[in-house]
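J.: Prediction below, plus the sequence it came from.
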Amino acid sequence: MAKKPTKKLYTDFYRTMFKMRRFEEEVFEFYKKGLMPGLAHLYLGEEAVATGCCAAIAADDYIGSSHRGHGHLVARGADTAKMMAEILGKETGYSHGKGGSMHIMALDLGILGANGIVGGEIPIATGAAYSALYRGTKQVAVSFFGDSATNEGTFHESVNMAAAWNLPCIYVIENNLYGISVDIRDVTNTENLADRAKGYGIPGVVVDGMDVEAVYAVMEEAVARARAGKGPTIIEAKTYRWQGHHVGDPGDYRLRRDTKEKEKWMKRDPVAAFRAKAIKDGIPESEILKIENEIETEIRAAVKFAVDSPYPDPSEAFDDIFCE
Ligand SMILES: Cc1ncc(C[n+]2csc(CCOP(=O)(O)OP(=O)(O)O)c2C)c(N)n1
Ligand SMILES: [Mg+2]
């Protein structure tokens with residue numbers, strides 16, 4: 001049975017979710033101002049998922065992340081200034097400006113990398129879990145990916161192997177209902193994607209991905225199971241992205257089934273809902289305001305750092321490139 005969150009965990013949940021929210025709002029501003037090369041896939045609306053999951057793992061555990069990865073990295077404690085700089089293609093970014101939004105990695109934080117290949121992070125995290133088991137370290141690996149990635153072969157091959165070998169891996173499906181403009185309900189014949197776990201003989205859990213405490217509780221159980229050598233779990237978090245697929249997509253296809261779909265999900269804002277709950281549960285509003293001010297200062301400094309940083313020198317174009 002999962003522990004009830006402590007007061008510290010409560011404020012940490014809020015701090016992390018609010019930081020993700022403010023981070024993504026500023027990335028969207030970069031795009032609108034034409035400061036950002038390419039596009040970014042924002043995590044707005046999905047904050048409770050990575051926050052609840054990452055709060056339940058230890059500092060030396062691993063995470064694998066997707067193209068919608070900013071939230072996972074913030075939850076893992078990545079440096080927001082270096083992330084922003086990377087998104088702007090600056091020399092001071094995590095990958096010296098060569099990776100951009102979809103390829104931020106920080107091995108010192110156990111972040112195995114965000115990944116532009118849909119489903120690409122799943123075997124990478126599975127490999128990290130195998131490595132932990134092999135070395136006997138008791139570390140776990142968490143793989144974050146979207147609903148559509150569950151229709152990639154990498155998902156099935158990885159989960160099958162993890163189940164057969166009892167690997168300490170937790171597969172977190174962020175089911176936001178869409179893969180670009182494709183409605184997952186049109187291309188998949190199971191109501192719950194977590195039901196696929198049955199085919200591999202492992203637990204599959206569905207959780208409300210707009211409720212950080214609920215996510216934390218199921219994740220704690222899955223992590224305990226993995227550390228105890230009992231193998232992997234699939235967690236399906238039902239969530240919603242507030243925007244289109246990326247910053248340049250209006251996402252109107254989301255109104256095809258139900259013209260009120262977006263509106264209904266946006267009313268369930270996980271950050272605002274948790275703020276209200278924390279206050280109701282006894283966290284003074286002054287404490288929440290203090291957290292918001294601290295985050296605002298951090299994010300503004302991160303934006304300034306990124307904007308003021310230089311681009312990499314063209315002479316570095318072929319540095320850090322691997323070829324055989
Ligand atoms: C192997 C592969 N196929 C297709 C694409 C193009 N693509 C990028 S994101 C995406 C949809 C991903 O949807 P989902 O897995 O649900 O994640 P979400 O964007 O909803 O978070 C697709 C098809 C890709 N990047 N890689
Ligand atoms: Mg999706």
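T.: Here it is on my side, so go on. Since the model is a prediction, treat every value here as computed from it, not as a measurement. Numbering: from 1, shown residues only. Ligands and ions are numbered 1, 2, ... in the order given.
J.: Which positions in this structure make contact with ligand 2?
T.: Residues of the chain lying near ligand 2 by C-beta under 5 Å from the ion: 146-147, 176, 178-179. For every residue, glycine as well, the C-beta is placed using N, CA and C.
J.: Please convert those to CSV, extending it with pLDDT.
T.: Conversion of the residues of the chain next to ligand 2 to CSV gives the following (pLDDT from 0 to 100):
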residue, pLDDT
Gly146, 98
Asp147, 98
Asn176, 98
Tyr178, 98
Gly179, 98
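J.: These in strands, which ones?
T.: The strands in this structure, assigned by DSSP state E, contain 146, 178-179 from the residues of the chain next to ligand 2.
J.: ok, which of the residues you listed also contact ligand 1?
T.: 146, 178-179 (C-beta under 6 Å from any ligand atom).
J.: Among the residues you listed, which one has the most neighbours?
T.: When neighbours are counted by other C-beta atoms under 10 Å, Gly146 leads these with 26 neighbours.
J.: Give me the distance between the residue of the stretch 1-150 of the chain found nearest ligand 1 and Glu298.
T.: For the stretch 1-150 of the chain, the residue closest to ligand 1 is Gly146, as judged by C-beta to the nearest ligand atom, at 2.2 Å. Here the criterion is C-beta to C-beta, to the nearest Å. By it, Gly146 lies 28 Å from Glu298.
J.: Ala237 now?
T.: Per C-beta to C-beta, Ala237 is found 26 Å from Glu298.
J.: the more surrounded of the two?
T.: Per other C-beta under 10 Å, whichever of Ala237 and Glu298 has more neighbours is Ala237, with 28 against 16.
J.: three-state assignment of the more buried one?
T.: With DSSP: H, G, I helix; E, B strand; the rest coil as the basis, Ala237 sits in strand.
J.: Would you agree Gln139 falls within a helix?
T.: No - under three-state DSSP, Gln139 sits outside any helix and is assigned coil.
J.: check which helix or strand covers the closest residue to it other than its chain neighbours.
T.: Nearest non-adjacent residue to Gln139, counting by C-beta to C-beta, 6 or more residues apart in numbering: Ala132, 4.0 Å away. Assessed by DSSP states H and E, Ala132 sits inside helix 121-135.
J.: Which strands and helices lie in contact with that helix?
T.: Contacts defined by 3 or more C-beta pairs under 8 Å, 6 or more residues apart in numbering; DSSP states H and E place helix 121-135 against strand 62-64, strand 141-146, helix 153-164, strand 169-175.
J.: how about the shortest one, does it reach ligand 1?
T.: In other words, strand 62-64. No - Strand 62-64 does not reach ligand 1 (C-beta under 6 Å from any ligand atom); its nearest approach is 13.2 Å.
J.: Show me the contact partners of that strand.
T.: Residues outside strand 62-64 that contact it (C-beta atoms under 8 Å, 6 or more residues apart in numbering) are 54, 57, 72, 76, 110-113, 115, 121-122, 124-125, 128-129, 132, 139-144.
J.: go on, the last one?
T.: Contact with strand 169-175 is made by 46, 49, 53, 66, 68, 122, 125-126, 128-129, 140-147, 149-150, 155, 158-159, 162, 184, 193-194, 209, 219, 222-223, 226, 232-239, as judged by C-beta under 8 Å, 6+ apart.
J.: Stretch 204-223: how far from the chain's middle?
T.: Put simply, stretch 204-223 sits 14 Å off its chain's centre (C-alpha atoms, centre = their mean, to the nearest Å).
J.: go on, stretch 120-138?
T.: Distance, centroid of stretch 120-138 to centroid of chain: 18 Å (C-alpha atoms, centre = their mean).
J.: Export only the CA atoms of it, formatted as PDB.
T.: Taking Å, rounded to 0.1, in the frame of the first residue of the first chain, the C-alpha atoms of stretch 120-138 are listed here in PDB:
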ATOM      1  CA  GLY A 120      13.100   4.700 -29.500                       C
ATOM      2  CA  GLU A 121      13.500   5.300 -25.800                       C
ATOM      3  CA  ILE A 122      11.700   2.000 -24.800                       C
ATOM      4  CA  PRO A 123      14.500  -0.400 -25.700                       C
ATOM      5  CA  ILE A 124      17.100   2.100 -24.300                       C
ATOM      6  CA  ALA A 125      15.400   2.100 -20.900                       C
ATOM      7  CA  THR A 126      14.900  -1.600 -21.100                       C
ATOM      8  CA  GLY A 127      18.700  -2.000 -21.700                       C
ATOM      9  CA  ALA A 128      19.400   0.200 -18.600                       C
ATOM     10  CA  ALA A 129      17.100  -2.000 -16.600                       C
ATOM     11  CA  TYR A 130      19.000  -5.100 -17.800                       C
ATOM     12  CA  SER A 131      22.300  -3.500 -16.900                       C
ATOM     13  CA  ALA A 132      21.000  -2.700 -13.400                       C
ATOM     14  CA  LEU A 133      19.900  -6.300 -12.900                       C
ATOM     15  CA  TYR A 134      23.100  -7.600 -14.300                       C
ATOM     16  CA  ARG A 135      25.200  -5.400 -12.000                       C
ATOM     17  CA  GLY A 136      22.900  -6.100  -9.000                       C
ATOM     18  CA  THR A 137      22.500  -2.400  -8.200                       C
ATOM     19  CA  LYS A 138      18.800  -2.400  -7.400                       C
END
